[in-house]
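J.: model the structure of this input:
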Amino acid sequence: MKVQAWLSEKRKENKVLCKACSQRCVLDVEEYGKCGIRKNEDGQLYLTVYGLAAAYNIDPVEKKPLYHFLPGTDILSVGTVGCNFSCKFCQNWEISQYPKEHNFEVFGVNLMPQTIVNIAKTQNIPSIAFTYNEPVVVFEYAYDTFKLAKEYGIKTVFVSSGYETKEALDTIRPYLDAANIDLKAFTDRFYREICGARLKPVLEAIEYAYKLGIWIEITTLIIPGENDSKEELRDIARFIASIDKDIPWHISRFYPMYKMTDHPPTPVSKLIEAYEIGKEEGLNYIYVGNIIDEDRESTYCPNCHFKVIERTGYVGQFVKNHLVDGKCPKCATPIKGVWK
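T.: Got it, this is the predicted structure:
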């Protein structure tokens, strides 16, 4: 379904500025944005995939990954085709890059905001995520869904590359509870050459989302030879700690896919090294992912180090939550997160 993409601004000569993401595309008539799904028609911006889900599933919330947000619960996950990034390692490239690789064609099943919310309601799913592709490129679809979800007490999540503009974050803030944001690297070279984006807007979006009070968790996929130096990993950890040492950092193992099949999987030793660097920089909650490592997937009290949430498996499958009213049961230290 095609609808007006209202997070936009008309310009001279029928051009239109898209204000959803930091690509800030200025489009001529009949031109598509870098996402492949926002198009200028006669001086008006349109979203071509409103209500058109390319993927939707009921997932454990830990799969997003979110470890400090309603642990042990399900989340209704929705995604469309299209993305404002062009990551060479994308695990969902079949949908994220589809329009750009198929002459701006789109596909999906009809899944309107009311239907999404009804599924969550009838199945007692406490939260909804826009995920799989970049949610901000379907801003109006996500906004309408989240606004409706709030009427029923359902929480909401973005799983994002962190390219939201301040306008987008300000607009959706009343209806957005949490976000897992990729901090893919700490060099502009990586973002430009591998992702088709830039580093600075991501850092700004993370800082601004935190300032707005959105619960934030950060994920870094460690790719051998690209973003895995000790110096870069330390830069990432220091950046997160400079905002808040209680922001969880998810360190994820890379597996070869899409246009980076020539790179090997991340050595487990590198994940452990990153984990230790995070601890050295003072981060309280660090997790490894895409491997089985129960000790480094579980949550510990930063004060007495008691294991307050137990997890295991490749996606940190929830095992047991020992928190009492969001606090450590041993020393009563508050554990930061959204627990109910």
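
J.: give me the neighbour count for the residue nearest to Ser86 when sequence neighbours are not counted.
T.: Excluding the flanking residues, the one nearest Ser86 by CB to CB, 6 or more residues apart in numbering is Gly196, at 3.9 Å. C-beta here means a position set from N, CA and C on the backbone, and glycine is covered the same way. Burial of Gly196 is recorded as 15 neighbouring residues (other CB atoms under 10 Å).

J.: my guess is Gly196 meets Phe85, correct?
T.: Yes. Counting by CB atoms under 8 Å, Phe85 is a contact partner of Gly196 at 5.8 Å.

J.: follow-up on the earlier one: wait, what's in contact with the residue nearest to Ser86?
T.: Lys34, Phe85, Ser86, Cys87 (CB atoms under 8 Å, 6 or more residues apart in numbering).

J.: quickly list the domain ranges of this protein.
T.: 3-47, 52-321 (automatic domain parsing).

J.: now for those, which one comes closest to Ile335?
T.: Of all the domains of the chain, domain 52-321 sits nearest to Ile335, with 5.9 Å by CB to CB.

J.: endpoints of that closest one, how far apart?
T.: 36 Å (CA to CA, to the nearest Å).

J.: which strand or helix spans Val159?
T.: strand 155-160 (DSSP states H and E).

J.: distance between that strand and the chain's centre?
T.: Relative to its chain's centre, strand 155-160 lies at 7 Å (CA atoms, centre = their mean, to the nearest Å).

J.: swap in stretch 299-316?
T.: Centroid separation for stretch 299-316 versus its chain: 22 Å, with CA atoms, centre = their mean.

J.: then stretch 139-158 to CSV, C-alphas only?
T.: Written as CSV, here are the backbone C-alpha positions of stretch 139-158 (Å, rounded to 0.1, in the frame of the first residue of the first chain):
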residue,chain,number,x,y,z
PHE,A,139,8.5,5.6,9.8
GLU,A,140,4.8,6.4,9.2
TYR,A,141,3.9,2.7,9.3
ALA,A,142,5.8,2.2,12.6
TYR,A,143,4.4,5.4,14.1
ASP,A,144,0.8,4.5,13.4
THR,A,145,1.4,1.0,14.8
PHE,A,146,3.1,2.2,18.0
LYS,A,147,0.6,4.9,18.7
LEU,A,148,-2.2,2.4,18.5
ALA,A,149,-0.2,-0.1,20.6
LYS,A,150,0.1,2.4,23.4
GLU,A,151,-3.7,2.6,23.7
TYR,A,152,-3.6,-1.1,24.8
GLY,A,153,-0.6,-0.9,27.1
ILE,A,154,1.7,-2.7,24.6
LYS,A,155,5.4,-1.7,24.6
THR,A,156,7.3,-0.8,21.5
VAL,A,157,10.8,-1.4,20.1
PHE,A,158,13.0,-0.3,17.2
